[in-house]
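Asks: I need the structure of the sequence given here:
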Amino acid sequence: MNKRQFRTIFNKIKRKINFRSGLNFRRKRYRVRGERVRYYGIWAVELFAVVLLAFFITKGFGMRVVCSSEAMEESIHENATTWVNRVIYHIKSPQKGDVIAFLPGGNANAGYNIKRVVGVPGDKIKIENGRLYINDKMVEVRSLNDERIQEAGRAANEITLGKDEYFVLGDNINNSEDSRYETVGNIKKSDIYGKVWFVPSLHGFGFVD
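Replies: Predicted coordinates:
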């Protein structure tokens, strides 16, 4: 018996064994490979979902803005890093008392400012005798040592806020460049970057009130 005849007989025996036993090594190999493909496919989808979620959280709630002045002392210290919520104002409008990050005058070359909203669209703003009046009613403002407002600026004359305009002041009222001055003026909603909600810096760590 030569090698060719032996190989022919061996293959016939192998086919009979596979047929009788129901074994099919090729199908098993394909099934194992298919399971691996599904496993790695699910793993890749889950990884992509986690990365996408992290990106959304970072972009939506964790964008950083540095408070570059002492205008918000003691609420936010100078040079403190803050986190900004950029999603909230796509859902609702800024409210009185919100601390916001914005571009003064919409100037993209300027750094972001951080101030507190005291006036919203339609409000009438006036500062007289060191006091803030909104719609002819005196309003207490946050200030270091309960100081009166020393400079009324453009608010010495009554200002009526237009549609999508906001009036902002710094908590350190007498060391703040804010809506009282022409360099900042009324803030348009389109120039608001987002709501400042958290300070991750060691000095002043915590939620922004």
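
Asks: Can you find the helix or strand of this structure with the lowest average pLDDT?
Replies: Here the helix or strand of the chain ranked lowest by mean pLDDT, DSSP states H and E is helix 3-21, holding a mean of 57.

Asks: what sits up against stretch 146-157?
Replies: 125-132, 141, 143, 167, 173-174, 179-182, 185 (C-beta atoms under 8 Å, 6 or more residues apart in numbering). All C-beta spots, glycine's among them, are computed from the backbone N, C-alpha and C.

Asks: Can you tell me which of those are buried?
Replies: 125-127, 132, 141, 143, 167, 173, 179-180, 185 (16 or more other C-beta atoms under 10 Å).

Asks: Tell me which two of those sit farthest apart.
Replies: Greatest spatial distance in the buried ones among the contacts of stretch 146-157: 143 and 185, 21.0 Å, computed using C-beta to C-beta.

Asks: Out of the buried ones among the contacts of stretch 146-157, list just those in strands.
Replies: The members of those that map onto strands under DSSP state E are 125-127, 132, 167.

Asks: With distance to residue 204 and pLDDT as added columns, please give those residues in TSV.
Replies: Formatted as TSV, those follow (distance: C-beta to C-beta, whole Å; pLDDT from 0 to 100):
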residue	distance to residue 204	pLDDT
125	29	98
126	32	98
127	28	97
132	25	96
167	25	98
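
Asks: Return the member of these nearest to residue 38.
Replies: Among these, residue 167 lies closest to residue 38 (C-beta to C-beta), at 58.6 Å.

Asks: Need phi/psi at the closest residue to that closest one other than its chain neighbours.
Replies: Spatially, and ignoring its direct neighbours in sequence, residue 167 is nearest to residue 119 (3.2 Å; C-beta to C-beta, 6 or more residues apart in numbering). Phi and psi for residue 119, reported as degrees, to the nearest 10, are phi -130, psi 140.

Asks: Distance of residue 119 relative to residue 40?
Replies: 57 Å (C-beta to C-beta, to the nearest Å).

Asks: Which of the two has more residues huddled nearby?
Replies: residue 119 (25 against 10; other C-beta atoms under 10 Å).

Asks: what residues are up against that one?
Replies: Residue 119 neighbours (C-beta under 8 Å, 6+ apart): 96, 125, 134, 159, 161, 166-168, 179.

Asks: No further queries at this time; thank you.
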